[in-house]
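Q: Test case, fold it:
(chains A, B, C and D)
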Protein chains: 2
Amino acid sequence: MSSYVEENYLKAIYKLTERNKDGAYTNDIAYELNVKPATVTESIKKLGEKGVIHYEKYKAVTLTEAGKLIAIKTIRKHRLWEVFLVEKLGFKWDEIHPMAEELEHINFEELTERLANFLGNPEFDPHGDPIPDKDGVFSNNKSVKLTSLALNTTVVMTGIENHTPSFLQHLDKLGLKLGVQVTLKEIVDFDKSVLVSVNGKKGFYLSHDIANNILCK
Amino acid sequence: MSSYVEENYLKAIYKLTERNKDGAYTNDIAYELNVKPATVTESIKKLGEKGVIHYEKYKAVTLTEAGKLIAIKTIRKHRLWEVFLVEKLGFKWDEIHPMAEELEHINFEELTERLANFLGNPEFDPHGDPIPDKDGVFSNNKSVKLTSLALNTTVVMTGIENHTPSFLQHLDKLGLKLGVQVTLKEIVDFDKSVLVSVNGKKGFYLSHDIANNILCK
DNA sequence: TATAATATTTAGGTTTGCCTAAATGTATTT
DNA sequence: AAATACATTTAGGCAAACCTAAATATTATA
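A: Below is the predicted model of the structure:
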């Protein structure tokens, strides 16, 4: 199995396992990777034989330590390239994902580490997601959802939980970028939408769906 | 055919056609790409159908305009990444080829052009090879071989015609890098080796083979 | 020009990563 | 607990990109 394909499977399984500790299901992996479930069955069987995942027929799969490390290293590469694309090449945060999706599969450890160094060993990518170190260790940074705050709390926006271009572009329009100060002014009982004030300016309403995808600290 | 494979075939054909205007031969393409001639036959048939090369049974193949453009754009990407690896990440000129060989296949025009801009739109890569512009045009820069100079000529080293790490490392050891002043002091009749002085310092001998791979202006 | 040497192509195979359709297993609901 | 719904796997296929061995063209040489 090419490292390109393998890394994508492991990344998908990693992501799904974060959401559901039992492991990743065939159908969900198929959805993540835009392939059919039958293809996934075939692939995860091979990945199991290779020792990067735990595979048992009809069970959710989980990553072995080896598999987890590959997944995390792929995430590291992805996020470092995203920093490069934004900080050095001036791309916007909603434009970079497809490019990073390719660049993450360039496997030269020396390249990755020199890139990290060139970028100042960033700890977060342009979306606020943490960048694991070269041994695969994440700094534990406990952000919470904007929807979980108590009224009249002021926090700093640190991340997001949805990376679609349309969501990112909408945040731009609202002036909601990483680092801004957000104060929760009101929680509307009817639909759980929230009134927020950004950097002390006049407030505006955010739907619960939007607020729920914003992380802060 | 994946763009990865296609670009490598077109690049190989481009290179071979530079050497031999008749076109590229099956065997030579196979050697360049480390595949068997039978595989090349199969592939060039497909590339012919696709319209990127002119293919006729038993004849040397040449690039169509479309194919030539793809080849040159691949070369552009390769050389821009090489500049990045040396200028920004601090790699040495003998280390970068394998990485650039992968990075060249990342196809996002906006990425390439922003990268070029970030690097200051360089005209030459770290080996002195010209970087075509985004429309595939090379600036014509007529360097000549060190072996073609008349005695006592002083020139600037501008490029090389061999990119193997061992050759590059040897040049490093001799202090022969792009931009140095080289004076041709002697041509040994016996073996055509040459005595050169670099930046006005004490001279040393270079075999004809080495001198013949050094370009200057 | 016939023969030998070399280059190219054809024929038939393999592996990888995908597919559809059918079969089978697991989970949920009545 | 049986029936139904849903998830997963199996079986059989396909295209891409590689391979080896054999056949056929071309080119060079005697």
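Q: can you list the domain ranges for chain A.
A: Per the record, chain A has its domains at A:3-63, A:144-216, by automatic domain parsing.
Q: hmm, the shortest one in reach of DNA strand D?
A: Yes - Domain A:3-63 reaches DNA strand D (C-beta under 7 Å from any atom of the strand) through A:25-28, A:37-38, A:40-42, A:44-45, A:57-60. No exception for glycine: its C-beta is placed from N, CA and C like everyone else's.
Q: part of a strand, is residue A:59?
A: No - Residue A:59: not assigned to a strand; according to DSSP: H, G, I helix; E, B strand; the rest coil it is coil.
Q: burial of it, as a residue count?
A: Counted with other C-beta atoms under 10 Å in any protein chain shown, residues neighbouring residue A:59 total 12.
Q: residue contacts, it?
A: residue A:23 (C-beta atoms under 8 Å, 6 or more residues apart in numbering or on different chains).
Q: Quick check: phi and psi on it?
A: phi -110, psi 160 (degrees, to the nearest 10).
Q: again with the one 3 residues further on
A: The phi/psi pair for residue A:62 (degrees, to the nearest 10) reads phi -130, psi 160.
Q: hang on, it packs against residue A:24?
A: Yes - with contact defined as C-beta atoms under 8 Å, residue A:62 and residue A:24 form a contacting pair (7.4 Å).
Q: higher neighbour count, these two?
A: When residue A:62 and residue A:24 are compared for neighbours, residue A:24 comes out ahead with 25 against 19, by other C-beta under 10 Å.
Q: State the distance from that one to chain B.
A: Going from residue A:24 to chain B by C-beta to the nearest C-beta, to the nearest Å gives 27 Å.
Q: DNA strand D contacts on chain A?
A: Contact residues, chain A versus DNA strand D (C-beta under 7 Å from any atom of the strand): A:25-28, A:37-38, A:40-42, A:44-45, A:57-60.
Q: hmm, back to that, which one of the residues of domain A:3-63 next to DNA strand D is nearest to chain B?
A: residue A:42 (20.2 Å; C-beta to the nearest C-beta).
Q: And the closest one, which helix or strand is it part of?
A: helix A:37-50 (DSSP states H and E).
Q: In CSV: the domains of chain A, plus distance to residue B:154 and mean pLDDT.
A: Shown next, in CSV, are those (distance: least, C-beta to C-beta, whole Å; pLDDT from 0 to 100):
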stretch, distance to residue B:154, mean pLDDT
domain A:3-63, 50, 97
domain A:144-216, 56, 96
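Q: okay if I get those domains as a markdown table plus distance to residue A:98?
A: Converted to a markdown table, the domains of chain A look like this (distance: least, C-beta to C-beta, whole Å):
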| stretch | distance to residue A:98 |
| --- | --- |
| domain A:3-63 | 13 |
| domain A:144-216 | 10 |
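Q: Surely residue A:37 touches residue A:26?
A: Yes - using C-beta under 8 Å, residue A:37 is in contact with residue A:26, at 5.0 Å.
Q: In terms of packing, which of these two has more residues around it?
A: residue A:26 (19 against 14).
Q: List the residues that contact that one.
A: Per C-beta under 8 Å, 6+ apart, neighbours of residue A:26: A:37, A:40-41, A:44.
Q: Strands of chain A, residue ranges please.
A: Listed in chain order, the strands found in chain A under DSSP state E are A:53-54, A:62-63, A:144-145, A:154-160, A:181-187, A:194-198, A:204-206, A:214-216.
Q: Now distance to DNA strand C too, for those strands, in JSON lines please.
A: Formatted as JSON lines, these follow (distance: least, C-beta to the nearest atom of the strand, whole Å):
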{"stretch": "strand A:53-54", "distance to DNA strand C": "14"}
{"stretch": "strand A:62-63", "distance to DNA strand C": "15"}
{"stretch": "strand A:144-145", "distance to DNA strand C": "27"}
{"stretch": "strand A:154-160", "distance to DNA strand C": "28"}
{"stretch": "strand A:181-187", "distance to DNA strand C": "32"}
{"stretch": "strand A:194-198", "distance to DNA strand C": "33"}
{"stretch": "strand A:204-206", "distance to DNA strand C": "33"}
{"stretch": "strand A:214-216", "distance to DNA strand C": "31"}
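Q: my guess is residue A:68 meets residue A:11, correct?
A: No - the criterion here is C-beta under 8 Å, and residue A:68 misses it with residue A:11 at 10.7 Å.
Q: what about these two, which has more around it?
A: Legend: neighbour count by other C-beta under 10 Å for residue A:68 and residue A:11, higher for residue A:11 (21 against 18).
Q: what's the longest helix along chain A packed up against?
A: The longest helix of chain A (DSSP state H) is helix A:65-83. Counting contacts by 3 or more C-beta pairs under 8 Å, 6 or more residues apart in numbering or on different chains; DSSP states H and E, helix A:65-83 is packed against helix A:3-19, helix A:97-103, helix A:109-118.
Q: Show me how far that helix is from its chain's centre.
A: In terms of C-alpha atoms, centre = their mean, to the nearest Å, the centre of helix A:65-83 is found 11 Å from the chain centre.
Q: Many thanks, have a good one.
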